[in-house]
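K.L.:
Just need the structure, nothing else, for what follows:
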Amino acid sequence: MSGAHVVAVGAVSALGSGDDAFRVGEVGERARVAVGLDPVLERAGLLRPISARVSCVPESAHDRAAELLSAAFDQCLARLDPVWRGKRIGLAIGTSSGGMLTAERFLFALARGDRISPPLARGATYFAPLEQATAQSRLSFSPRVLVLGACASSTLAIGLALRWLALGRCDLALAGGFDALSLFVASGFEALRATTASLPRPFRLGRDGMALGEGAAVVALAPKPAPKGPALGYVAGFGASTDAVHLTAPDPTGQGLGRAAALAIADAGISASEIDLVSAHATATPFNDPAEARAIERALGERRPVVHPFKAQIGHTLGSAGALESLAALDALARGVAPAAAGEGEIDPDCAVSLSSVNEKLEARAALKLSSAFGGANAALVLASRATRSRPLSPRSVFVQGHGLVSEALGSEALARALAGRHPHLHRLDALSKLVISAVHRLSLSTGPKSLDGAGLIVGYTLATLEQNEVFDERRRERGAGAVEPRRFPATSPNAAAGECAIAFGLRGPTFAVGGSLHGGLEALGVARDFVAAGDASSMIVVSADLGGSVSSALLAAAGAPPLPAGACVCLLGCEPGPHAVRLDGLIPITLGDGPDWMWAPPCGHGELRTYLARVGALEIS
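P.N.:
Numbers count the residues shown, from 1 in each chain. Predicted coordinates:
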């Protein structure tokens, strides 16, 4: 399928701003490392207070995540040829925690019974940093999506942008991701025993985990090179898959990630033998690194290209990781170097990868970027210094093949009967996951269980996991960051419900969450429609879910937004017309209103998706 040229970039990481944020250096240089002791995390009582903070973006009274994204976003626009401003521009940005720093303040104020101001309420959403970063650009974006795919978010966002360009949804696409360090997230990862006590040592014996980082990266993608000057690189292929094995642990066989890699290589129109560099996910945890090494072997066979574990230098930057790591890989391709790997020690025999201690000369033909995430989400990109032989995309027609509505989740006993043992940890499910699974079960009753074989799933949210976040954060506020409950942290990821649903129904296609406004259901419909049209999956499930609850109600009331009743709307999209299918034509109106307040304008929530499906004739409203 058609790739895209990188015509402008903006980035910030613990290594610096602009090109310094991802520069790999020249031949003979060692890897620059910005990971170290974090006094903020140490004072909070964490036992492993290691991180990589961005120093080039000063602290301010505004939300830190918004400041990081704004820095990268503004850099990208400043480097973009003005001719693009008159074109149709899409925006796909990924995040893991969104406005979590403001959400911490909101939840604290709510617990104390303080009056909640509208700015505090609006800033506590996952989409608030994106809203703030784009407000001053004077640009209109369509399509516009916030990807909530945990640690694979920005890789998924770049892949989605590729599909938009190939399908003609826009002329230029801005894509990337962001995340800031927060005690909420840092305490959760430490509770899961995923963080290091010293420095990350990916793929090496004795490794004990990752260091969290923060950062942001935005790339401008176009089907043709920049009108003036050379392109900065080429994104040639994309693939996405789901493990459907465990919420937080990878498939130890590497099968799912290997499948995403193989899809990206095929999409780029090249052979596995042309991959000379792998930008690894490389979290330096005991289980992830061997699984990733097996995934690389599945995708590339016996070849051992140089592997670059960039997280060991800038920390795990969560929603921005895939984008920053892709830029580092493109920099390595442009400089003709095999980038050095940070970390000391002997390579684990269970991780059969090739690491360089210093930058070595390498005229690489193409690089493979790998990302994995909570919920079993996998994404891969093929990167090159110039255009590859990728085939033009032939879009497929997309049909709504079935639908369903639920007002509440099934009870535990009814859910157990419905799943018939297909989910091994049913007793651990959070309320939002139960609601999403109940909706998909309702869909399977009307379309038949076979209809979900090989499907992917996009979950669209209004306020995502706000209720679960309060349950987890209450313990942190009461007992400190070092005493949180590890079993409650995974459910705070907006990708958790999608991942739990994939486990319950064996979903293997692209599976993640979105939610760039209170109109997340229509975002999900648009993303799923484009994946089916582009051939990334033969069918995609769409769920728009609203859990409701006192915390959500308080935020919406303070923000001046309408209340959201609990419930979910679900539909199945496919490329086969079927006897009762309705064709889904035209752009789905993700931007629903005029002016800066469209994100908060009614109608909102799962009822909006229901109304849209009725309007196109896919369901009836009694």
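K.L.:
can you list the weak-confidence ranges in the stretch 151-300 of the chain?
P.N.:
In the predicted model of the stretch 151-300 of the chain, residues 226-230 satisfy pLDDT under 70.
K.L.:
For it, just list every one of the helices.
P.N.:
153-167, 183-191, 255-268, 288-300 (DSSP state H, counting those that start in this stretch).
K.L.:
winner for burial among the ones you listed?
P.N.:
Among the helices of the stretch 151-300 of the chain, helix 153-167 has the highest mean neighbour count (mean count of other Cβ atoms under 10 Å), at a mean of 29. Every C-beta, even on glycine, is put in place using the N, C-alpha and C of the backbone.
K.L.:
Identify the residues contacting the residue lying closest to residue 60 once chain neighbours are set aside.
P.N.:
In space, residue 60 comes closest to residue 67 once its chain neighbours are excluded; the distance is 6.0 Å by Cβ to Cβ, 6 or more residues apart in numbering. Counting by Cβ atoms under 8 Å, 6 or more residues apart in numbering, residue 67 touches 57, 60, 180.
K.L.:
now the strands for the stretch 301-450 of the chain?
P.N.:
Assigned by DSSP state E, counting those that start in this stretch, the stretch 301-450 of the chain shows strands spanning 306-308, 337-338, 360-361, 366-372, 377-384, 399-406.
K.L.:
Check the offset of the helix or strand encompassing residue 501 from the chain's centre.
P.N.:
Counting by DSSP states H and E, the element that carries residue 501 is helix 496-505. Put simply, helix 496-505 sits 16 Å off its chain's centre (Cα atoms, centre = their mean, to the nearest Å).
K.L.:
any idea which helix or strand comes after that helix?
P.N.:
strand 511-514.
K.L.:
For that next one, output the C-alpha coordinates as CSV.
P.N.:
Once non-C-alpha atoms are left out, strand 511-514 reads as follows in CSV (Å, rounded to 0.1, in the frame of the first residue of the first chain):
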residue,chain,number,x,y,z
THR,A,511,-7.6,-3.5,18.9
PHE,A,512,-7.3,-0.3,20.9
ALA,A,513,-9.2,2.7,22.2
VAL,A,514,-9.8,6.3,21.0
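K.L.:
so the residue nearest to residue 60, which of the three states?
P.N.:
Under DSSP: H, G, I helix; E, B strand; the rest coil, the three-state class of residue 67 is helix.
K.L.:
Same check on residue 543?
P.N.:
Classified using three-state DSSP, residue 543 is strand.
K.L.:
Pull the contacting residues for it.
P.N.:
When contacts are counted by Cβ under 8 Å, 6+ apart, residue 543 touches 436, 439-440, 457-460, 501, 524, 568-570.
K.L.:
Domains in the chain, by residue range?
P.N.:
4-96+149-384, 399-615 (automatic domain parsing).
K.L.:
Of those, which is nearest residue 121?
P.N.:
Nearest to residue 121, of all those, is domain 399-615, at 3.7 Å by Cβ to Cβ.
K.L.:
got the end-to-end distance for that closest one?
P.N.:
14 Å (Cα to Cα, to the nearest Å).
K.L.:
cool, stretch 246-255 as well?
P.N.:
End-to-end distance for stretch 246-255: 13 Å, by Cα to Cα.
K.L.:
which residues touch it?
P.N.:
Under the contact criterion Cβ under 8 Å, 6+ apart, stretch 246-255 has outside partners 192, 243, 245, 256-257, 287-288, 290-298, 372, 374-376, 425, 490, 496, 499-500, 503.
K.L.:
rerun that using 6 Å as the cut-off
P.N.:
243, 245, 287-288, 291, 294-295, 298, 372, 374, 490, 499 (Cβ atoms under 6 Å, 6 or more residues apart in numbering).
K.L.:
and what of stretch 197-216?
P.N.:
Stretch 197-216 is contacted from outside by 12-14, 35, 48, 50-52, 54, 68-69, 72, 178, 180-181, 186, 194-196, 282-285, 289, 309, 312, 314-317, 320, 324, 343, 345-348, 351, 353, using Cβ under 6 Å, 6+ apart.
K.L.:
can you tell me the helix or strand for residue 91?
P.N.:
With DSSP H and E as criterion, residue 91 is part of strand 89-95.
K.L.:
Quick check: next helix or strand after that strand?
P.N.:
With DSSP H and E, the next secondary element past strand 89-95 is helix 100-112.
K.L.:
Which strands or helices does that following helix pack on?
P.N.:
Contact partners of helix 100-112 among helices and strands, from 3 or more Cβ pairs under 6 Å, 6 or more residues apart in numbering; DSSP states H and E: none.
K.L.:
could you check the angle helix 183-191 makes with it?
P.N.:
In terms of direction (axes from the mean of the first three to the mean of the last three Cα atoms, to 10 degrees), helix 100-112 departs from helix 183-191 by 100 degrees.
K.L.:
So for helix 100-112, what gets flagged as buried?
P.N.:
100-107, 109-110 (16 or more other Cβ atoms under 10 Å).
K.L.:
before we move on, the earlier item: may I see the strands of the stretch 301-450 of the chain organised as a markdown table, with mean pLDDT, mean neighbour count and distance to residue 276 added?
P.N.:
Supplementary listing: the strands of the stretch 301-450 of the chain in a markdown table, determined by pLDDT from 0 to 100; neighbours: other Cβ atoms under 10 Å; distance: least, Cβ to Cβ, whole Å:
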| stretch | mean pLDDT | mean neighbour count | distance to residue 276 |
| --- | --- | --- | --- |
| strand 306-308 | 96 | 26 | 7 |
| strand 337-338 | 96 | 26 | 8 |
| strand 360-361 | 95 | 12 | 12 |
| strand 366-372 | 96 | 28 | 7 |
| strand 377-384 | 96 | 31 | 10 |
| strand 399-406 | 90 | 22 | 41 |
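K.L.:
Figure out which of the ones you listed is closest to residue 609.
P.N.:
Set against residue 609 and scored by Cβ to Cβ, the strands of the stretch 301-450 of the chain come closest in strand 399-406, at 9.4 Å.
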